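Student: sequence first, then the predicted structure:
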Amino acid sequence: MHGEDIRMSTALAIRLVDRGMPEWAGQKVRPLAATGTDNWMFRLGDDKVLRLPRRPSAVTLLRREWDWLPHLRGLPLGVPEPLALGEPDDAYPHPWMVLAWQPGETLATRPPSNALGAAEALGAFVAGLRDLPGAGGPIAGSANHNRGVPLATLDDITRRAIGDLARVYPLAALSAWWDDALAAPPWSGAPSWLHGDLTPTNLLGTAGRLTGVIDFGLMSRGDPAVDLIPAWGIFEGAARGAFLEATGADPDTIRRGRGWAVYTGVIALAYYGDSHPTLSRISRRTLEAVLAES
């Protein structure tokens with residue numbers, strides 16, 4: 001998927017724990033079936049998880065989580081709890097992290113049985129995150145893949161990606177929604193906390209309920225409209241409206257949020273194609289939901 005990914009194995013993960021975290025040496029290490037595009041993931045014992053960057057560019061995202069996740073307490077859904085930071089060695093060149101295990105299955109694997117309840121819960125999470133004090137937190141930019149920057153700065157790359165998909169999706173309709181997002185007044189408040197990647201793969205459910213949010217590598221402070229993507233990427237009908245209402249977003253923020261849905265959808269499809277079936281499926285659903293509003 002990424003040419004610069006380093007090699008990883010269970011044996012290497014065990015070696016890193018045994019050498020770098022002797023207090024957990026000997027605990028069972030097993031790879032997770034679902035891992036992200038930036039990190040290798042291994043279960044450690046029954047109550048921990050290893051997070052190991054796949055490539056140098058992912059190290060910044062991991063350090064961001066280590067530095068700032070402790071500031072995100074008190075939110076209405078569970079968030080990862082960093083426990084320890086491992087150091088690079090001769091076998092693995094990057095820092096790595098141990099976090100507390102969060103139970104549940106991702107929404108990409110098992111959608112919630114109560115979509116309306118999940119929509120309200122995630123909307124409350126987005127609102128709570130947005131309203132946390134942000135002093136000193138990282139500002140949106142290239143380091144977090146531009147999630148939360150002014151949409152106008154992404155105009156050229158978005159239009160190119162829309163054009164690349166013109167044989168699959170109606171160019172005029174996608175361009176019209178993108179134009180509408182650019183025409184909305186930009187975020188005028190102070191940069192607020194945002195997750196930046198609220199996809200079904202980063203949301204956890206237990207017993208049919210939404211219970212947790214994971215993978216905060218793209219977290220930053222910026223335009224919170226980016227966290228409205230689930231309105232089109234996950235929810236539909238009454239659940240979509242419930243999510244947007246729970247976030248407290250105003251109409252202009254919703255317009256920009258729809259623009260973010262267009263941007264992430266076309267960029268992911270243009271980049272991954274069919275090499276990542278789950279992300280491609282999510283991106284297609286997102287774009288189809290936007291187009292259905294035309």
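Tutor: Sure, I can see it. Residues are numbered from 1 along each chain as shown.
Student: my guess is G36 meets F216, correct?
Tutor: No: contact criterion C-beta atoms under 8 Å: G36 and F216 do not qualify, at 11.3 Å. C-beta coordinates here come from the backbone N, C-alpha and C atoms, glycine included.
Student: same drill for these two, tell me which one is more crowded.
Tutor: F216 (23 against 20; other C-beta atoms under 10 Å).
Student: list the contacts for the more buried one?
Tutor: Residues in contact with F216 (C-beta atoms under 8 Å, 6 or more residues apart in numbering) are R64, E65, W68, L69, L72, V79, P80, H195.
Student: who wins for neighbours among these?
Tutor: Within the contacts of F216, most neighbours by other C-beta under 10 Å means H195, with 28 neighbours.
Student: separation between it and V226?
Tutor: H195 sits 8 Å away from V226, going by C-beta to C-beta, to the nearest Å.
Student: still on that earlier bit, by pLDDT, give me the weakest of the contacts of F216.
Tutor: Lowest pLDDT of the contacts of F216: L72, 93.
Student: tell me how many other residues crowd A119.
Tutor: If you count neighbours by other C-beta under 10 Å, A119 ends up with 28.
Student: surely L52 is in a strand?
Tutor: Yes: under DSSP: H, G, I helix; E, B strand; the rest coil, L52 sits within a strand.
Student: what about it, neighbour count?
Tutor: By other C-beta under 10 Å, the residues close to L52 number 23.
Student: sorry, back to before: including distance to G257 and secondary structure, could the contacts of F216 go into TSV?
Tutor: Below are these laid out as TSV (distance: C-beta to C-beta, whole Å; DSSP: H, G, I helix; E, B strand; the rest coil):
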residue	distance to G257	secondary structure
R64	23	helix
E65	24	helix
W68	23	helix
L69	24	helix
L72	21	coil
V79	21	coil
P80	24	coil
H195	13	coil
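Student: name the nearest of those relative to V49.
Tutor: When the contacts of F216 are compared for distance to V49 (C-beta to C-beta), P80 wins out at 8.4 Å.
Student: I'd guessed the closest one sits against L69; true?
Tutor: Yes: using C-beta under 8 Å, P80 is in contact with L69, at 5.8 Å.
Student: show me where the stretch 51-200 of the chain has its strands.
Tutor: 82-86, 96-100, 105-106, 192-194 (DSSP state E, counting those that start in this stretch).
Student: tell me the most buried of those?
Tutor: strand 192-194 (a mean of 25; mean count of other C-beta atoms under 10 Å).
Student: packing partners for that strand?
Tutor: Helices and strands touching strand 192-194, by 3 or more C-beta pairs under 8 Å, 6 or more residues apart in numbering; DSSP states H and E, are helix 115-130, strand 220-222.
Student: now mean pLDDT too, for those, in TSV please.
Tutor: Listed next are the helices and strands packed on strand 192-194 as TSV, based on pLDDT from 0 to 100:
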stretch	mean pLDDT
helix 115-130	98
strand 220-222	98
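Student: which one, of these, ends up nearest to D250?
Tutor: Smallest distance to D250 across those (C-beta to C-beta): 12.1 Å, for helix 115-130.
Student: packing partners of that closest one?
Tutor: Helix 115-130 is packed against strand 192-194, strand 209-213, helix 237-247, with contacts defined by 3+ C-beta pairs under 8 Å, 6+ apart.
Student: wait, which of the ones you listed is closest to S220?
Tutor: For the helices and strands packed on helix 115-130, proximity to S220 was assessed by C-beta to C-beta; strand 192-194 is nearest, at 6.3 Å.
Student: can you list contacts of that closest one?
Tutor: 72, 129-132, 134, 137, 140, 147-148, 219-224, 226-227.
Student: in its sheet, which strands sit next to the next helix or strand after it, and in what direction?
Tutor: Using DSSP states H and E, the helix or strand that follows strand 192-194 in sequence is strand 203-206. Paired neighbours of strand 203-206 in the sheet (DSSP bridges): strand 105-106 (antiparallel), strand 209-213 (antiparallel).
Student: most tightly packed of these?
Tutor: Ranked by mean neighbour count under mean count of other C-beta under 10 Å, those are led by strand 209-213, which reaches a mean of 20.
Student: next, the angle from that one to helix 115-130.
Tutor: Using axes from the mean of the first three to the mean of the last three C-alpha atoms, to 10 degrees, the direction of strand 209-213 lies 30 degrees away from that of helix 115-130.
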